[in-house]
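K.L.:
Just the structure for this:
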Amino acid sequence: MTPTPARSPSVCRAIARALPAVLAAVPLGAQSAAAIVAFTQPPLAADHSPDPRVFETVLTATEVDIEFVPGVRTRAMAFNGTIPGPTIDAQVGDTLIVHFVNMLPEATTLHWHGVATPATMDGSQLSQVPVPRSGYHRYEFTLNSAGTFWYHPHLNTNEQVERGLYGALIVRDPRHDAALGIERADERVLFLDDVKLDDTLDGRGRIAPFATDLGAPFEPWQRAEDLANSRIGNHVLLNGREVSLASVPALDVVAGRPYRLRLVNASNGRIFRLDLGDGDARLYAIGSDQGLWNAAEPVVQIDKVRNVLGHHNELISNPDVRKGVTLTPGDRLELVLVADGAAGSSVILRSHDFIKGKHTAYRDPEGNLLFGHDHFDGAEPEVPMVAVTITAATPTPAAAPAAARYEPPAVLRADPVAPLVPDPALPPLPVILGHSQPNPADGSLMFFLQVDRGADLLDAVHAHRTAFPADYEPRPMMKQRADDGFAVRVGETRVFEVVNFTGNDHNFHVHGFRFQHLDTEYVDLDEPANEGCEAPLRLAFEDTIRIPRRPGFSLGRSYTIVRLAARFDDDDLPAELRRTRQELVAGGLAPGPTTSGGWVLHCHFLEHSARGMMSFLSVGR
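P.N.:
As a prediction, this is how the structure comes out:
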């Protein structure tokens, strides 16, 4: 890993010094560490500002040779030479200044996932002109809320993120940290990811071709499956290194001491579901995308159930999302880990497969390329992510009570999350998730989350009528016009109604604003037993949420509706932390010299958004 650069009073000198240092630190063809390594964290970003309320740093995107898999070199991309990139660790109210240098052979941007930036600082392809090769861009904004966030490109996103361009942004609220009672030295950042490598003898170590590249060599059925399921890697990664049964990172802990784990799912299409295996340890979930929850929740171990959807009649990990914790691509989660066992004992943090509506592609007798259900969906074996190993017991003074042990506080935050109240006079915003049938010639397909006649389609959904999205003029992102965005005004509280007509799970991510889950409704006009309504698991602010697949078999006769309340201002924050009204305004689809073309919203299964499952908010005053 690259050493943390020294502090410097001159940012100009820091930029000049940082670039050759980054390139020298990761020469092409360089060997990386041994095959089996201890748990390692991303390096900390250097702060070059003498002002304690300003965090000023340099991020440089470069190509590197790195070992995702021990002993196998892969040409990848990295920020400051490491995967993950440096962790920016700042505080609520700080000004963040990032000097971004692009040394990639292609253009890129830097998106601040989950962060409430001004519209022109969001880093999407609508908010700014892309940073060209050898280009420079300055990002500057106030960090107005606490949480575990991350940064990544928002141009050619599925390829650049897959190649390693991501890092963490931690924003702290001292009140929350004090109440939680966990030392900063006892925090760990865990990036959950996977990578698809060419494992053939001729191509060993190369990043496998991308299905979104229509010139890449794919059989039509292979491309169709890779797009429909989003890219699933053949090597699972933790903090940029492969984890497997043969290589499990060891996280050394002290018995009885609490550790705060900050998790980020940086994969293109893999859903991670985690729990602890058998052993003397406790795991609590305390927060997600937008910071701490009001109360901690013990994480329940995931049991095994018979797979009634598949033909193999095997036991699989229970898909009930109330067990374990679930992270879809782009999600973050905060956990507290406490190991209570004897020195030398260990417990495994495991990742389970999850039924997400995985597809297989096949040809019918007429030569059409069609989708069917993958009967081994959810049946992959568990992956050991971390071996939590107890090295010693916590020293306890003789006068201390023997029963004393760490428990999360009953109240996690002094500023509890309050429910949003949407304006009933304003119509819902219709987000319609769907895709085309695959092209029989090359396997390509188009995704969308918007249709021209969205209000009409919602009327049919509300009436529980048969409705085919294709009849309502779908509009993938690449076919949208300047006036196609979802129109809202600053200060409104609106409801997104996200309707999933597909047999796949998706998720939904909104740039610049946060939302609360209101409910999820399942509709199946052919099988009433599949219908029902679920309340949210908790009251929390999120920016990325899973959208379950339709419960029934028939397109148009079954769909899932997820309702989300979103507020389009910062008026619930202290006045000094609010963005100005003008900083929220965006629209028109293309960025101007001082304006943003809109706030992007999309599925964060990255192949889906790359093929059109994206739109934008036009925010007016």
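K.L.:
make it CA atoms for all contacts and neighbour counts henceforth
P.N.:
OK.
K.L.:
which stretches of the stretch 401-550 of the chain form strands?
P.N.:
429-435, 447-448, 486-489, 493-500, 506-510, 515-524, 532-534, 544-547 (DSSP state E, counting those that start in this stretch).
K.L.:
which residues sit against the shortest one?
P.N.:
Residues lying outside strand 447-448 but in contact with it, judged by CA atoms under 8 Å, 6 or more residues apart in numbering, are 432-436, 474-477, 608-609, 611-614.
K.L.:
other SSEs contacting whichever strand in the chain runs longest?
P.N.:
Longest strand in the chain, counting residues (DSSP state E): strand 54-69. Where contact means 3 or more CA pairs under 8 Å, 6 or more residues apart in numbering; DSSP states H and E, strand 54-69 is packed against helix 11-25, strand 72-79, strand 95-102, strand 241-242.
K.L.:
Poorly predicted segments of this protein, please.
P.N.:
Of all residues in the chain, those with pLDDT under 70 make up the ranges 1-37, 308-312, 394-403.
K.L.:
quick one, domains of it?
P.N.:
Domain assignment for the chain by automatic domain parsing gives 11-171, 231-393, 429-620.
K.L.:
What residue, apart from its backbone neighbours, is nearest the residue nearest the centre of the chain spatially?
P.N.:
Closest residue to the average C-alpha location of the chain: residue 330 at 0.6 Å, with CA atoms, centre = their mean. Leaving aside its chain neighbours, residue 330 sits nearest to residue 265 (5.3 Å; criterion: CA to CA, 6 or more residues apart in numbering).
K.L.:
Same check on residue 278?
P.N.:
Per CA to CA, 6+ apart, closest to residue 278 is residue 347, 6.5 Å.
K.L.:
that's a strand at that neighbour, yeah?
P.N.:
Yes: under DSSP: H, G, I helix; E, B strand; the rest coil, residue 347 sits within a strand.
K.L.:
Show me what it is bridged to.
P.N.:
Legend: beta-bridge partners of residue 347 under DSSP bridges are residue 388.
K.L.:
Run a quick neighbour tally on it.
P.N.:
19 (other CA atoms under 10 Å).
K.L.:
oh, and call the first residue 32 from now on, that's how I've got it
P.N.:
Yes, from this point I'll number from 32; that puts the last item at residue 378.
K.L.:
Contacts only, for it.
P.N.:
With contact taken as CA under 8 Å, 6+ apart, residue 378 is in contact with 307-312, 418-420.
K.L.:
closest one to residue 246 among the domains of the chain?
P.N.:
Nearest of the domains of the chain to residue 246, taken as CA to CA: domain 460-651 at 9.6 Å.
K.L.:
of the contacts of strand 478-479, buried ones?
P.N.:
Buried members of these, counted by 16 or more other CA atoms under 10 Å: 463-466, 505-508, 639-640, 642-645.
K.L.:
Next step: these restricted to helices.
P.N.:
Using DSSP state H, the subset of the buried ones among the contacts of strand 478-479 located in helices is 639-640.
K.L.:
of the buried ones among the contacts of strand 478-479, closest to residue 485?
P.N.:
residue 463 (7.5 Å).
K.L.:
Go through stretch 229-242 and flag the buried ones.
P.N.:
For stretch 229-242, a neighbour-count test (16+ other CA under 10 Å) marks 229, 236-242 as buried.
K.L.:
Now the two most distant members of those.
P.N.:
The distance between the two most remote of the buried residues of stretch 229-242 (CA to CA) is 18.0 Å, for 236 and 242.
K.L.:
how about the strands of the stretch 182-331 of the chain, start to end?
P.N.:
Under DSSP E, counting those that start in this stretch, the stretch 182-331 of the chain gives strands at 198-203, 218-226, 266-269, 272-273, 281-286, 289-296, 303-307, 312-319, 322-329.
K.L.:
Quick check: residue 110 touching residue 117?
P.N.:
Yes: taking contacts as CA atoms under 8 Å, residue 110 lies within contact range of residue 117: 7.2 Å.
K.L.:
between those two, what contacts are shared?
P.N.:
residue 198.
K.L.:
still on that earlier bit, can you tell me the SS state at the residue nearest to the centre of the chain?
P.N.:
coil.
K.L.:
same question, residue 159
P.N.:
Relying on three-state DSSP, one would call residue 159 coil.
K.L.:
In contact with it, which residues?
P.N.:
So residue 159 contacts 151-152, 622-623, 627 (CA under 8 Å, 6+ apart).
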